[in-house]
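>>> task: produce atomic coordinates for the following.
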Amino acid sequence: MFLTNHIDLTGKLLIAMPGMADPRFEHSVVFVCAHSDEGAMGLVINKPTEDLKLKELLTQLSITPGPDLRDMSVHFGGPVEHGRGFVLHDYGYHSAISTLDVNDHFAMTATLDILEDLAQGRGPERVIMALGYAGWGPGQLEAEIAQNGWLTCDANQQLVFETPDPDKWEGALKQLGVSALALSADAGRA
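Next up is the predicted model:
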């Protein structure tokens, strides 16, 4: 059941506006994994941690990296449960334990078996490994959008997985036909 006039943002991208009050989300692009009348959950997809790679994370979790492990950064997924890992990936992979199918193109898995598969060079083709997530209570995300905190756009695998992290914010804006220079931090009222 959705709220009246509720727009389901599951599988969409949130693009932080220049006046974003929370500095943790400055120039962030957030992939929305789930959105309902009970709230929303998403992963920041353009903020890799400066010093943590997947190999080091696996070692910390006592998972032995295999020779086919891809070199990848671990991202800051958001400020909630920042010690918990989430893997946003293409739809083709499904964990034996638990995978959330976001839509026909994206899925998210938060169990150790995906890390074990990645350690051995198996698992999904396209991935973003994140620690923590962004969460909103009922109506909170809608209020932030109404207050000019976020723009929304469709997510595609090219932008999410293949665009370099520093270019994702402007790439998402470009997808909307908006120039970063044209954005204002002030909300307007007609």
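>>> how far off centre is the one helix or strand Leu52 maps to?
Take DSSP states H and E as the rule and Leu52 turns out to sit in strand 48-53. On the basis of Cα atoms, centre = their mean, to the nearest Å, strand 48-53 is displaced by 16 Å from the centre of the chain it belongs to.
>>> residues near the residue lying closest to Phe25 once chain neighbours are set aside, how many?
Counting by Cβ to Cβ, 6 or more residues apart in numbering, the nearest residue to Phe25 once its immediate chain neighbours are dropped is Ala16, at 4.9 Å. (Glycine included, C-beta is placed from N, CA and C.) Residues near Ala16, counting by other Cβ atoms under 10 Å, number 23.
>>> thought Ala16 was touching Glu26?
Yes. Counting by Cβ atoms under 8 Å, Glu26 is a contact partner of Ala16 at 6.4 Å.
>>> how about the secondary structure of the residue most central in space within the chain?
Centrality entry for the chain: nearest residue to the mean C-alpha point is Leu43, 2.7 Å, by Cα atoms, centre = their mean. Taking DSSP: H, G, I helix; E, B strand; the rest coil as the rule, one finds Leu43 in the strand state.
>>> from Gly177, how far off is it?
Leu43 sits at a distance of 25 Å from Gly177 (criterion: Cβ to Cβ, to the nearest Å).
>>> got it, and Lys55?
Spatial separation of Lys55 from Gly177 under the definition Cβ to Cβ is 39 Å.
>>> quick one, which of these two is more surrounded?
With neighbours defined as other Cβ under 10 Å, Lys55 and Gly177 compare such that Lys55 has more, 16 against 7.
>>> I appreciate the help and will end here.
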